[in-house]
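J.: What would the 3D arrangement of this be:
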Amino acid sequence: MALLFDTRASDSPWVESVWTCTSDGVFEMTSVAEVSWGLVFFVQEGRAYASITGPETRTGTAPVPEGARFVGIQFAVGTSLRAVPTPDLVDGGAELPDATHRAFWLDGARWETPGPDDAEALVERLVRAGAVVRDPLVADVRRGYRPDVSARTLERRFRSATGLTQGAVRQIERAREAATLLAAGTPVADVVSKLDYFDEPHLIRGLRRYVGRSVRQLREGTGGAIALALDQRTTS
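T.: Take a look at the predicted model:
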């Protein structure tokens, strides 16, 4: 059995990444904390599905349909749906109605179901139609700019746009990067130093809370299927 991910970065300022996944077997996978919302499309036993996924503040478990093929679009932090505020999606999501292999409904309109190579084209259409929007202040902060507003105003705008605090976003992103480095064989001490963890116990607690794995499990590829683009050919 295997859960095989393929993830690529996007050159669109609205998109963080585009991913595909194939499940070979029946799984209960480990879900990993996530800082942004996404669109997920999958086909199982000839039937098509589409859903919105929200930011996730902690690790958990989720079922994986047997023989399913997924395409996902993970949106950039600070973007949101016009019809659904991102805070309403935190640790949740929504299934989109009447999805077919060719189209799905979102924000009162019918859209063409994307493949992994035309995900950005769909996003461009959603942006032009106003279905996907973003807070420019949050986008500036993510690019490293320091806006001329109070810290309180910035935090309020950030949380309104993302459903998360800036601190939560940093912690989740750091834990995900740490998991990737450890799975690739980077020494623990180097991960602690590179990602500015206070010490190894803080790293371990972050991995447990946000990734659901120990250092050893990441090293050995054990612990079962996980919703993260690691080498998952040894998942049982």
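J.: Ignoring the adjacent residues along the chain, who's closest to the residue most central in space within the chain?
T.: Centroid check for the chain by CA atoms, centre = their mean gives Glu34 as the closest residue, at 4.6 Å. Counting by CB to CB, 6 or more residues apart in numbering, Glu56 is the residue found nearest to Glu34 once chain neighbours are left out, at 4.6 Å. Every residue, glycine included, has its C-beta placed from N, CA and C.
J.: Ala121 too?
T.: Pro114 (7.1 Å).
J.: again, but for Gly60
T.: In this structure, Gly60 finds its nearest non-sequential neighbour in Ser31, 4.9 Å apart by CB to CB, 6+ apart.
J.: Measure how far the strand with the most length in the chain is from the centre of its chain, please.
T.: In the chain, assigned by DSSP state E, the strand with the most residues is strand 15-24. The chain centroid and the centroid of strand 15-24 are separated by 10 Å under CA atoms, centre = their mean, to the nearest Å.
J.: So what touches that strand?
T.: Applying CB atoms under 8 Å, 6 or more residues apart in numbering, the external contacts of strand 15-24 come out as 1-10, 36, 64-77, 116, 119-120, 123, 225, 229.
J.: send the alpha carbons of that strand over as PDB?
T.: Taking C-alpha atoms only, strand 15-24 is exported to PDB below (Å, rounded to 0.1, in the frame of the first residue of the first chain):
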ATOM      1  CA  VAL A  15      -1.100  30.000  -5.100                       C
ATOM      2  CA  GLU A  16       1.400  28.400  -2.700                       C
ATOM      3  CA  SER A  17       1.500  25.000  -4.300                       C
ATOM      4  CA  VAL A  18      -0.200  22.500  -6.600                       C
ATOM      5  CA  TRP A  19      -0.200  18.800  -5.600                       C
ATOM      6  CA  THR A  20      -1.400  15.400  -6.800                       C
ATOM      7  CA  CYS A  21      -1.800  12.300  -4.800                       C
ATOM      8  CA  THR A  22      -2.800   8.700  -5.500                       C
ATOM      9  CA  SER A  23      -4.000   6.200  -2.900                       C
ATOM     10  CA  ASP A  24      -3.100   2.500  -3.500                       C
END
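J.: now the next helix or strand after it against strand 15-24, angle please.
T.: Sequence-wise, the next helix or strand downstream of strand 15-24 (DSSP states H and E) is strand 27-31. On the basis of axes from the mean of the first three to the mean of the last three CA atoms, to 10 degrees, strand 27-31 is oriented at 160 degrees to strand 15-24.
J.: which is the next helix or strand following the biggest helix by length in the chain?
T.: Longest helix in the chain, counting residues (DSSP state H): helix 166-183. Next along the chain after helix 166-183, taking DSSP H and E as the criterion, comes helix 188-194.
J.: looking just at contacts, which helices and strands does that next one meet?
T.: helix 166-183, helix 200-210 (3 or more CB pairs under 8 Å, 6 or more residues apart in numbering; DSSP states H and E).
J.: okay, those, which one's buried deepest?
T.: Most buried of the helices and strands packed on helix 188-194, by mean neighbour count (mean count of other CB atoms under 10 Å): helix 166-183, with a mean of 19.
J.: between that one and helix 200-210, what angle do the directions make?
T.: 100 degrees.
J.: what's next to helix 166-183, contact-wise?
T.: If you take CB under 8 Å, 6+ apart as the criterion, helix 166-183 is touched by 32-35, 57, 77, 141, 154-155, 158, 162, 164, 188, 190-191, 194-197, 203, 206-207, 209-211, 213, 215, 218-219, 221, 228-231.
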